[in-house]
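**Student:** okay, structure incoming, though there's no sequence with it:
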């Protein structure tokens, strides 16, 4: 590969490292092309990039980024999964895929400047996705608003009940 092409790859990857919310490093040794393409398709469906890059280029691209914290793990066949929106999605997809395909090994990751070991990545994979969390939040917020409306609605209803009781009592007193 020519040096200008390598520089372009490093620059592009460096910018992606800066934008990403989470980067997870995997070892894909032993996986055939069809299986890797299947993994890429599953990751792509979640808007996650999966890059197979030479370790020397990964190390250079990681300079002055949080990814430099894990550059020692760029040994052997390495690929990186990058997510720009949902930090949980790559952990979910990679963990599930590695359970189905034992040859895919999750090495490490970085999220918000913190190094993630395999156990942390597996723990993150059990968290609800961004969409699920937003749904839970909206459900809770809707419940609060609904309760508030019911309380506000109950005040005039109770007031009318009191007026009705007074009216009925006066009618009963007037009849006697």
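**Tutor:** Received the coordinates, thanks. Every value quoted in this text rests on a predicted model; they were computed, and no experiment measured them.
**Student:** relative to residue 49, how far out is residue 129?
**Tutor:** 18 Å (C-beta to C-beta, to the nearest Å). For the C-beta atoms, the positions are set from N, CA and C on the backbone; glycine is no exception.
**Student:** okay, those two: which has more neighbours?
**Tutor:** residue 49 (17 against 13; other C-beta atoms under 10 Å).
**Student:** who's in contact with the residue lying closest to the more buried one once chain neighbours are set aside?
**Tutor:** With sequence-adjacent residues excluded and distances taken as C-beta to C-beta, 6 or more residues apart in numbering, residue 49 is closest to residue 82, at 4.6 Å. Going by C-beta atoms under 8 Å, 6 or more residues apart in numbering, residue 82 touches 16-17, 20, 22-23, 48-51, 90.
**Student:** any chance of the residues you listed in JSON lines, with secondary structure too?
**Tutor:** Below are those laid out as JSON lines (DSSP: H, G, I helix; E, B strand; the rest coil):
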{"residue": "16", "secondary structure": "helix"}
{"residue": "17", "secondary structure": "helix"}
{"residue": "20", "secondary structure": "coil"}
{"residue": "22", "secondary structure": "strand"}
{"residue": "23", "secondary structure": "strand"}
{"residue": "48", "secondary structure": "strand"}
{"residue": "49", "secondary structure": "strand"}
{"residue": "50", "secondary structure": "strand"}
{"residue": "51", "secondary structure": "strand"}
{"residue": "90", "secondary structure": "helix"}
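**Student:** filter those down to the buried ones and express that as a PyMOL selection.
**Tutor:** To isolate the buried ones among those in PyMOL, judged by 16 or more other C-beta atoms under 10 Å, type:
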select buried, resi 16+17+20+22+23+48+49+50+51+90
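**Student:** what is the nearest of the contacts of residue 82 to residue 33?
**Tutor:** Nearest to residue 33 out of the contacts of residue 82 is residue 50 (C-beta to C-beta; 13.2 Å).
**Student:** helix, strand or coil for residue 170?
**Tutor:** helix.
**Student:** that one: how many residues sit nearby?
**Tutor:** 10.
**Student:** what's across from the residue nearest to residue 49 in the sheet?
**Tutor:** residue 23, residue 49 (DSSP bridges).
**Student:** show me where the protein has helices.
**Tutor:** For the chain, the helices defined by DSSP state H occupy 3-19, 33-45, 55-62, 89-100, 118-125, 130-175.
**Student:** with distance to residue 27 and mean pLDDT added, can I get those helices in TSV?
**Tutor:** Conversion of these to TSV gives the following (distance: least, C-beta to C-beta, whole Å; pLDDT from 0 to 100):
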stretch	distance to residue 27	mean pLDDT
helix 3-19	18	90
helix 33-45	12	92
helix 55-62	11	91
helix 89-100	10	92
helix 118-125	11	90
helix 130-175	27	83
